[in-house]
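Asks: sequence plus predicted model, see below.
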Amino acid sequence: MSFAELGKAVRKQFFYKFKLFFGLFYSLIITQAIAIVFSFNGTGSISSGQIGQIHFYSADIVLVFTFGWAFISALQLTTKPFRDNEYLFVFNRLSSHLSNLLFLLALSFIGGLSAYLSGYLLKVAVYMFFDFQLIGTNDITSPAVVVAGIITIVLYIWMFASLGYMVGSLVQFQKVFAILIPSIIIGCLILVALSESEAIIRIGKFYFFESSFLLVFIKTTATVCLCFLISAVSTNHLEVRK
Amino acid sequence: MEVIHCENVTKLQGKAKALDQLSFSIKENTITGLIGRNGAGKTTLLKILGGLWRETSGEVKVLSRRPFNSLYVSENSIYIDDAFHFPSHLNLKEILREGERFYPNWNRTLAERLFDYFEFHPKQTHANLSKGKRSTFNMIIGLASRCKVTLYDEPTAGMDRAVRKEMYRVLLKDYLEYPRTIIISSHYLEELEDLLEDVLLLDNGKKVLHLPMDELKEFAVGLTGRSEVLLQWLRGKTILHQQNAGPNELYAVVKKEDISLPEAQRLGMTISPVSSSDVCVYITDRGQGGIDRVFR
Amino acid sequence: MLQSDGTPIYLQIAEWIETEILKGNFQADEKVYSQYKLAEMFTINPATAAKGLNVLANENILYTKRGLGKFVTKEAKAIIIHKRKNQKLKGLINEIVMEAKRLHVREEELMVMLKKAMKESGGQSGGSDSL
């Protein structure tokens, strides 16, 4: 199987999946709309006697919701109804994973762009509907910063998507993961809440508190590759249309 | 040239053997009928040949490659049954367009003409089709794809007789114009007889026979005569099927090669041909008197 | 056009071609239908049609011109008549005899029936008018 053939197949599958999974975009819109509503509360506020209350608004909540959406959408891709849709046409395991990876990237791009812009939408809405005085907006120093910001968001979303894909693949591989993984996640969340686990907080910092763009790029792409590798290996023997 | 080659192929589903040490080959550009009772392993075999399922053991080669996970086999073969699901937001015309994008040999004219002939509407969705219409549509996809290896799994399920006849004719005409290797599994052997070159009969996952169609038609012969005479004469030979044909008269089916026809005639027995579908039924009969046993 | 009486299709095809030759629809050295044309005409597998053609070629009723197809030999008609006389007609006669035996019809009665049938169909033995 040459690269050219593989590339052709992946390309064909990519466009096919775009048409097939169109519904995911609707769920994106709904998810982000809900997130915006939640954001009206502001992502932080401080009170100062003389000035009054200062509210902070940003796209953070939208972003977190988008992470969740990406995770769940990717997970859905690994379930039977989605997988079975491919078998009619030309596919094999490898090309299927690759086209899914690219499709999720496209999905992340759209979700990321939309999340970024929703921040501004939110601010405009707040300014229009509430009686606030606008103090300042976050600084846009140059187009490069904007682009870097968007790409960063897209990469994070893509990373969450690939995590979802990996979880879904593992579950398809061995049903026991369906119980194991949620237990682990809930366990971790509890530990974080109790501030007991240094390790987990450190993982979070590893990803999200990185200031160098290049390092973010490397970390997220490496994680994505790892997730897909695990997915590919675990689903290698998976059959279609049982 | 062998396009399909199976050697000692076994497929386990749980503990049960859906295919059991199956070995056979199929030559290029032939139409083979895959016959057998429900549960004989026909669908299992076709899905393995099409790369959807994986064999448990043994060697499967389609176009000289292992079909499972092979992009090459996936591109040059197509598996058609009446059960695929397309999402409801893709209409029929769009599905055909996708087929065209994926398969390099796709014949658009044929697809469009058949689409119109069988009165489909472009905006219809796949899920809304009736069973027979869905089979027809799926078969159109199979035909238009012009894949080197085309696998039809009971493609005419739900179609009425008129449509079935037309579909067979379309299948044949397109095959004449563009030869390829076709396997059709079907319950309607009598209808397919003229189309088939070879027949592969499965039972309980095993190969029972693999013969050219006209050999299958000549495989067995029916003898009618007085019961004692017949049974005496057939002592020691395998009787594939027997039933009463009147008081003291017996109808028995035996392999043609097991007996001598002139001798049968001399003994006053009536000789009648046995249709290929009957042969298949008798050979795979569960024996012990058949369904009549329920009524004893 | 095809019977489902258990006769192999390829033999039925061969017989049909023989009859066409007898009827004069195919003359000596004329090309007969290709296997594909036959397949299309009768809705059968082309391999089956090819088998039928080969049977006739083996019996010297047809000859093959490489790349062009199968043609009627000069001796075709004679061979067919001879063959049918010996096989088909003989076979039919045997069947009549057996049936007559079963019905206890004697030879004289059978001959009477035969003569009557021949008179009614208008032909005389030995005459091959349309040939």
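Replies: Happy to help now that I have it. Quantities reported herein were computed from a predicted structural model and do not represent experimental measurements. Numbers count the residues shown, from 1 in each chain, chains lettered A, B, ... in the order given.

Asks: for chain A, what is the nearest residue in chain C?
Replies: Residue of chain C nearest chain A, by CB to the nearest CB: C:N45 (27.4 Å). For the C-beta atoms, the positions are set from N, CA and C on the backbone; glycine is no exception.

Asks: pretty sure that residue sits against B:L195.
Replies: Yes: under the criterion of CB atoms under 8 Å, C:N45 lies in contact with B:L195, with a separation of 5.6 Å.

Asks: can you check which residues contact both of those two?
Replies: B:I31, B:L172 (CB atoms under 8 Å, 6 or more residues apart in numbering or on different chains).

Asks: between these two, which is the more surrounded one?
Replies: Between C:N45 and B:L195, counted using other CB atoms under 10 Å in any protein chain shown, C:N45 has the larger neighbour count: 27 against 22.

Asks: B:P87 in helix, strand or coil?
Replies: Here B:P87 takes the coil state, with states given by DSSP: H, G, I helix; E, B strand; the rest coil.

Asks: quick one, what contacts it?
Replies: B:P87 makes contacts with A:L20, A:G23, A:N85, as judged by CB under 8 Å, 6+ apart.

Asks: again, only this time at 6 Å
Replies: The neighbourhood of B:P87, defined by CB atoms under 6 Å, 6 or more residues apart in numbering or on different chains, consists of A:L20.

Asks: what does the one 3 residues further on give?
Replies: By CB under 6 Å, 6+ apart, the contact set of B:L90 is empty.

Asks: distance of it from A:L77?
Replies: From B:L90 across to A:L77, the span is 17 Å (CB to CB, to the nearest Å).

Asks: please apply the same query to B:R161.
Replies: Computed as CB to CB, the B:R161 to A:L77 distance reads 42 Å.

Asks: with B:V3 instead?
Replies: Noted for B:V3: a distance of 34 Å to A:L77, by CB to CB.

Asks: likewise B:R66?
Replies: Summarising the geometry, the distance separating B:R66 from A:L77, computed by CB to CB, is 26 Å.

Asks: SS state for B:A252?
Replies: State at B:A252, reduced to three classes by three-state DSSP: strand.

Asks: so for C:N25, what's the pLDDT?
Replies: pLDDT, C:N25: 90.

Asks: helices along the chain, start to end?
Replies: Going with chain A. A:3-20, A:23-39, A:60-77, A:80-84, A:93-129, A:143-173, A:177-193, A:198-208, A:213-234 (DSSP state H).

Asks: my bad, chain C
Replies: Secondary structure of chain C by DSSP H: the helices cover C:9-23, C:35-42, C:46-58, C:76-84, C:90-102, C:107-121.

Asks: now those helices as a markdown table including mean neighbour count?
Replies: As requested, the helices of chain C are exported to a markdown table (neighbours: other CB atoms under 10 Å in any protein chain shown):
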| stretch | mean neighbour count |
| --- | --- |
| helix C:9-23 | 19 |
| helix C:35-42 | 18 |
| helix C:46-58 | 20 |
| helix C:76-84 | 17 |
| helix C:90-102 | 12 |
| helix C:107-121 | 11 |
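
Asks: and A:L122, which of those is closest to it?
Replies: With respect to A:L122, and counting by CB to CB, the nearest of the helices of chain C is helix C:35-42 at 69.6 Å.

Asks: could I have the closest one exported to CSV, CA atoms only?
Replies: As requested, C-alpha coordinates have been extracted for helix C:35-42 and formatted as CSV (Å, rounded to 0.1, in the frame of the first residue of the first chain):
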residue,chain,number,x,y,z
GLN,C,35,-21.4,-16.6,-26.6
TYR,C,36,-22.1,-13.0,-25.5
LYS,C,37,-24.9,-12.5,-27.9
LEU,C,38,-26.4,-15.9,-26.9
ALA,C,39,-26.0,-15.0,-23.2
GLU,C,40,-27.8,-11.7,-23.8
MET,C,41,-30.5,-13.3,-25.9
PHE,C,42,-31.4,-16.1,-23.4
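
Asks: please compute how far the least confident helix or strand in chain C by mean pLDDT lies from its chain's middle.
Replies: Using mean pLDDT, DSSP states H and E, helix C:90-102 stands out as the lowest-scoring helix or strand of chain C, at a mean of 84. Going by CA atoms, centre = their mean, to the nearest Å, the spacing between the C-alpha centre of helix C:90-102 and its chain's C-alpha centre is 19 Å.

Asks: which other residues reach that helix?
Replies: Contacting residues not belonging to helix C:90-102 are listed as C:L110 [CB under 6 Å, 6+ apart].

Asks: then it to PDB, C-alphas only?
Replies: Listed in PDB are the C-alpha atoms of helix C:90-102, where the atom choice follows Å, rounded to 0.1, in the frame of the first residue of the first chain:
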ATOM      1  CA  LYS C  90     -34.500 -43.000 -31.400                       C
ATOM      2  CA  GLY C  91     -34.900 -41.800 -27.900                       C
ATOM      3  CA  LEU C  92     -38.400 -40.700 -28.600                       C
ATOM      4  CA  ILE C  93     -39.200 -44.000 -30.200                       C
ATOM      5  CA  ASN C  94     -37.900 -45.800 -27.200                       C
ATOM      6  CA  GLU C  95     -40.100 -43.700 -25.000                       C
ATOM      7  CA  ILE C  96     -43.100 -44.500 -27.100                       C
ATOM      8  CA  VAL C  97     -42.400 -48.100 -27.000                       C
ATOM      9  CA  MET C  98     -42.000 -48.100 -23.200                       C
ATOM     10  CA  GLU C  99     -45.200 -46.200 -22.700                       C
ATOM     11  CA  ALA C 100     -47.000 -48.500 -25.100                       C
ATOM     12  CA  LYS C 101     -45.700 -51.500 -23.100                       C
ATOM     13  CA  ARG C 102     -47.000 -49.900 -19.900                       C
END
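
Asks: of B:R161 and A:L77, which one has the most company?
Replies: Using other CB under 10 Å, the more surrounded residue of B:R161 and A:L77 is A:L77, with 22 against 10.

Asks: which pLDDT value belongs to that one?
Replies: Turning to A:L77, the model gives it a pLDDT of 87.

Asks: number of nearby residues for the residue nearest to it when sequence neighbours are not counted?
Replies: Ranked by CB to CB, 6 or more residues apart in numbering or on different chains and with sequence neighbours excluded, the top spatial neighbour of A:L77 is A:N100, at 5.7 Å. Residue neighbour count, defined by other CB under 10 Å, stands at 27 for A:N100.

Asks: low-confidence ranges, the chain, go.
Replies: This is for chain A. In the predicted model of chain A, residues A:1, A:42-56, A:131-141, A:196-197, A:200, A:241-242 satisfy pLDDT under 70.

Asks: the chain in question should be chain B.
Replies: Ranges of chain B meeting pLDDT under 70: B:286-293, B:296.

Asks: for it, which residues are neighbours of chain C?
Replies: Proximity of chain B to chain C is assessed by CB under 6 Å from any CB of the partner chain, with B:I31, B:R169, B:L172, B:L176, B:D194, B:L195, B:E197, B:D214, B:K217, B:P273 identified as the residues in range.

Asks: buried ones among these?
Replies: The neighbour-count test (16 or more other CB atoms under 10 Å in any protein chain shown) applied to the residues of chain B next to chain C identifies B:I31, B:L172, B:D194, B:L195, B:E197, B:D214, B:K217, B:P273 as buried.

Asks: what about the second one, which helix or strand?
Replies: The one in question is B:L172. Using DSSP states H and E, B:L172 sits in helix B:161-177.

Asks: in that helix, what's buried?
Replies: Using 16+ other CB under 10 Å as the test for burial, helix B:161-177 gives B:V163, B:R164, B:M167, B:Y168, B:V170, B:L171, B:L172, B:K173, B:D174, B:Y175.

Asks: give me the distance between the fourth one and B:L234.
Replies: Read it as B:Y168. With the distance defined as CB to CB, B:Y168 ends up 37 Å from B:L234.

Asks: over to B:N248?
Replies: For B:N248, the distance to B:L234 (CB to CB) stands at 16 Å.

Asks: also A:S162?
Replies: Here A:S162 is placed at a distance of 70 Å from B:L234 (CB to CB).

Asks: name the residues of chain C found near chain B, please.
Replies: Counting by CB under 6 Å from any CB, chain C sits next to chain B at C:G6, C:P8, C:Y10, C:Y36, C:A39, C:T43, C:I44, C:N45, C:A47.
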